[in-house]
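# got a sequence here, can you build the structure:
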Amino acid sequence: MEKSLFKNAIYKIALNFFNLIVPILIGPYVYRALGADSIGKVKYGESIFNYFFIFATFGIYQYGLREISRIKKDKAKVAQLFTTLFTFSLITNAVTMAAYLLVTFLGYGDHYLFPILLIFSFSFVMNIFYVEWLNEAFENYDFITIKTIIVKIIYVVLLIALVKSSADYLIFTSLLVMTTSLNNIISFVYIKRQVKFDFSHMKFKPHIKPLFLVVIFMNGNILYSQLDIFMLGRYVSDAAVSFYVMSKQITTIISALMLSVVQVTIPRLSYILGSSNDEESYVNLVQRVARIYYAVLFPAAVGLLAISDLGVIAYGGGEFAGAGSVLAVYSIYMIFVGTDNVLANQVMYVKKKENILVRFIVVGGIFNLMLNAIFVYLDLFSAAVAIGTTAASTVLLVAMEYYYIRKKLDIPLFLFNKTNMKYLLFSLTFFPISYILRSFISGTYVLFTVIVVACIAVYGALMWLTKDEMLYLLLDKVKNKLPGFKK
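Numbering: from 1, shown residues only. Sure thing, here's the model as predicted:
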């Protein structure tokens, strides 16, 4: 069992690294080859598709993973539940695809988005075979990792070979759909060797309510970032969409790096939390996880803000220089959404308060829609304004979550204490560092690299001089080679 756990950890680390490095390497090529307008067209079309796709998937991944994990040793029950969810997915994809095609033909039949939307429609067919949740429940991490790496390598090779200019945006769209489809088919063929269909005792009703809650909980972004993308494409321009999407992609890459650091310390904390019913111990663990999170969240967000103008050029080229202000606002948004991650996942979801959390997400999303509508009416809507309204809505969401946790759940959680704010104070030194270095160094790439290295060095030095506990904890974890997996 220990060997299996260790191997799973190695495969998961390899997969996370590969998923991180591919966007870093291939992202700049895509943005330079297609340009702002073509990228904006694809992402605008994808935002429309995503609204429908949410109801096609219907939370089956998250729900199926949780439920199968509980019964995976009972082959008969697994086969019955798998068949039920697969059949349910077949129905939701068919119904959603019909509605999607109707909207596509009636609403966009003579629009430039029409071919893009048609290409995306093929995803509904192939989504029927999306059974990765079953592979994860069975902990087939070796298969998942090897398959994903092979499929993405094929995608990268074809991308470089076929996408050369802004005119190739339909090819790019097709490659996105092809990659997902190939991934789904391989997984389906693999898992069907282990699990057979069993159409006896199929019952949809017990699963509909929890699936519906998962749909809302896991897809709250339809009222946040997806809404922003749709409204930018509808009321501003394709270039504005590309500025927004690129800024989002850059922050996503950084967030993945940040979470990789946090995950080094989480396994043992999660084990202790799961084996203890002591409320005091639970609160202490959440505080500790939050402290680790803020130790990397604040420098990541503030650092990105300090070099936002350089970052967009380094990643997308000079054509995306106008996205600097968007990335700057997005970097501030990172702090709010990071806080939401702690409150929603570590507290609300763990305490089984999904129904309350769903209400908060909807309220915040409606607030975001109202703000966007006001700025559209005033003719002031832009990519930077869009992420600004989303940030404001996330602040409202965090405030509701924090109030409920402190007052209703009576959990003495203190996220914004002096210890955590110390990391923000340390991070603010990045601004004078950036200002000073800009006075002596020219050249986007050289300046970008020097500022990043200098900021990391100063932040590390400040943590070392103050003998910060989190720094030593991370160093000990690295030295001991993930001791959480030894037990």
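# quick check: buried residues in stretch 238-257?
In terms of neighbour count (16 or more other Cβ atoms under 10 Å), stretch 238-257 has its buried residues at 238-251, 253-255. Bear in mind the C-beta positions are built from the backbone N, C-alpha and C, glycine included.
# take those and keep only those in helices.
Using DSSP state H, 238-251, 253-255 are the members of those that sit in helices.
# how much space between the closest residue to Ala14 other than its chain neighbours and Trp133?
Beyond its immediate neighbours in the sequence, the residue positioned closest to Ala14 (Cβ to Cβ, 6 or more residues apart in numbering) is Thr145, lying 5.6 Å away. Using Cβ to Cβ, to the nearest Å, we find Thr145 at a distance of 16 Å from Trp133.
# care to break the protein down by domain?
1-218, 235-487 (automatic domain parsing).
# tell me which of those sits nearest to Tyr224.
Tyr224 lies closest to domain 235-487 among the domains of the chain, at 5.0 Å (Cβ to Cβ).
# list the helices and strands whichever strand or helix holds Ile21 packs on?
Per DSSP states H and E, Ile21 falls inside helix 2-57. Secondary-structure packing of helix 2-57 (3 or more Cβ pairs under 8 Å, 6 or more residues apart in numbering; DSSP states H and E): helix 75-108, helix 114-127, helix 141-162, helix 169-191, helix 225-235, helix 238-263, helix 308-316.
# ok, now with 6 Å
helix 75-108, helix 114-127, helix 141-162, helix 169-191, helix 225-235, helix 238-263 (3 or more Cβ pairs under 6 Å, 6 or more residues apart in numbering; DSSP states H and E).
# weakest of these in terms of mean pLDDT?
Note on those: helix 238-263 shows the lowest mean pLDDT, a mean of 76.
# so Cys455, which state does it fall into?
Three-state assignment for Cys455 (DSSP: H, G, I helix; E, B strand; the rest coil): helix.
# my bad, should have said Phe414
Applying three-state DSSP: Phe414 is coil.
# and the closest residue to it other than its chain neighbours, which helix or strand is it part of?
Nearest non-adjacent residue to Phe414, counting by Cβ to Cβ, 6+ apart: Gln287, 7.0 Å away. Following DSSP H and E, one finds Gln287 within helix 279-306.
# any idea of the angle that helix forms with helix 308-316?
80 degrees (axes from the mean of the first three to the mean of the last three Cα atoms, to 10 degrees).
# and Val296, what's its pLDDT?
Per-residue pLDDT puts Val296 at 85.
# what's the spacing between it and Ala392?
The gap separating Val296 from Ala392 is 24 Å, by Cβ to Cβ.
# count the neighbours of Lys147 for me.
19 (other Cβ atoms under 10 Å).
# which strands and helices lie in contact with the helix or strand harbouring Met421?
According to DSSP H and E, Met421 maps onto helix 418-427. In this structure, helix 418-427 makes packing contacts with helix 279-306, judged by 3+ Cβ pairs under 6 Å, 6+ apart.
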